[in-house]
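*Asks:* Predicted model and sequence follow; I will ask about them next.
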Amino acid sequence: MKGLRHFFLLYLFLFIACSSSPKRIMLVSDSSNVAYSQLEEANNSIIAGKYSRAYNLLSSGYNLALSVDNTDLLCKILLSGIVYKISSPEKSSLPQGSDSVSPAESESFLLQHKESLLSQAKKLAGRSESKKLLSDLCAVYDVRIRLENEKLAENGRIDSGKKNDWLSVLDDVQPGVSKESYYHAYLYRTKGDVCMAGGDYSLAQDYYAEAAKIHTKERYLLEIGLDWYCLARACSLGGKKSEALSAIQTALKYDKDAENSLGIASDYLACSKILLKGNPSEEDKKLSAELALWSEKILRAGGLLETFSGVAE
């Protein structure tokens, strides 16, 4: 009887030990997590003007996402690829220092045209369980491509008809896009850029301010500086000199916080140009020259002078 009791206790112990052991993992996301991290870092690198780094990160992230057939992530990487194509001075070629890229990166998806990247993103959206969200995101980047192409053809301007049509498209997809804060803010910035190209500087200010609110709330530090830079430009072109100077100082604050050399240099150069608006005093003219020189020094120190495309007034 005593032996039976011991057997029962041993059986009970083994049962409890086995039943409380960790369950086997039914979802592995190691590759996807790395690719997501590379995507976010690539987006930051684009804003900071580190195009070679962005190229390599996007190329690597794409291959990782493809290797595990993560369609949602592939779609988002393709969309960031569009931003890279628009922003990078290399556009359709390997980045500077391409001797150091791997064979996989030398065959990168980024060598394709931005329209091709959008087409692939739309196909992936159709295969995804998040079809509505990703399709809405594709619509935002479609507007971005059309805007950039139109600006190149028409010296940076669009007519009111296109402006209203594209804003309508963005309004339609905004409820879906608003579910992801990063892309919601990007939608607002795109609206601002559309209004800028259409000459509606006051409305552009409102949209850039909304983008800045979202980025600030979600702590997208590099993005905040760009929002305020865009807002300053809208104020400047709208004839609001004092508001423009205030906005560019806010941009400079956030770009310094982010240690974004390209942003800091751009802010100083923009401030230099804003100071010359209207009827500048001799003091303003002197300060403007000093800030322009300081901007160039920052670019040289950061190794960014060759990739710097300048600042619009």
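*Replies:* Ah, there it is.

*Asks:* wait, what's in contact with residue 39?
*Replies:* By CB atoms under 8 Å, 6 or more residues apart in numbering, residue 39 lies in contact with 57-58, 61, 73, 76-77, 80. Any C-beta I mention is one placed from the backbone N, CA and C, and that applies to glycine too.

*Asks:* What of residue 81?
*Replies:* 58, 62, 109-110, 114, 117.

*Asks:* Redo these as a markdown table? Include distance to residue 203, neighbour count and secondary structure.
*Replies:* A markdown table is the format used below for the contacts of residue 81 (distance: CB to CB, whole Å; neighbours: other CB atoms under 10 Å; DSSP: H, G, I helix; E, B strand; the rest coil):
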| residue | distance to residue 203 | neighbour count | secondary structure |
| --- | --- | --- | --- |
| 58 | 32 | 28 | helix |
| 62 | 36 | 25 | helix |
| 109 | 35 | 17 | helix |
| 110 | 33 | 28 | helix |
| 114 | 26 | 23 | helix |
| 117 | 29 | 23 | helix |
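
*Asks:* Reformat those as TSV; add distance to residue 153.
*Replies:* Supplementary listing: those in TSV, determined by distance: CB to CB, whole Å:
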residue	distance to residue 153
58	27
62	30
109	26
110	23
114	15
117	20
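
*Asks:* Tell me which two in those are the farthest apart.
*Replies:* Distances among those were taken as CB to CB; the most separated pair is 62 and 114, at 14.7 Å.

*Asks:* just to revisit the earlier point, inside helices: which ones of the contacts of residue 39?
*Replies:* Here DSSP state H is the test, and the contacts of residue 39 give 57-58, 61, 73, 76-77, 80 as lying in helices.

*Asks:* Let's have those residues in CSV, adding pLDDT.
*Replies:* Listed next are those as CSV, based on pLDDT from 0 to 100:
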residue, pLDDT
57, 96
58, 97
61, 96
73, 96
76, 98
77, 98
80, 98
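
*Asks:* Switch those residues over to CSV, and while doing so, append distance to residue 150 to every line.
*Replies:* Listed next are these as CSV, based on distance: CB to CB, whole Å:
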residue, distance to residue 150
57, 29
58, 25
61, 30
73, 30
76, 25
77, 25
80, 22
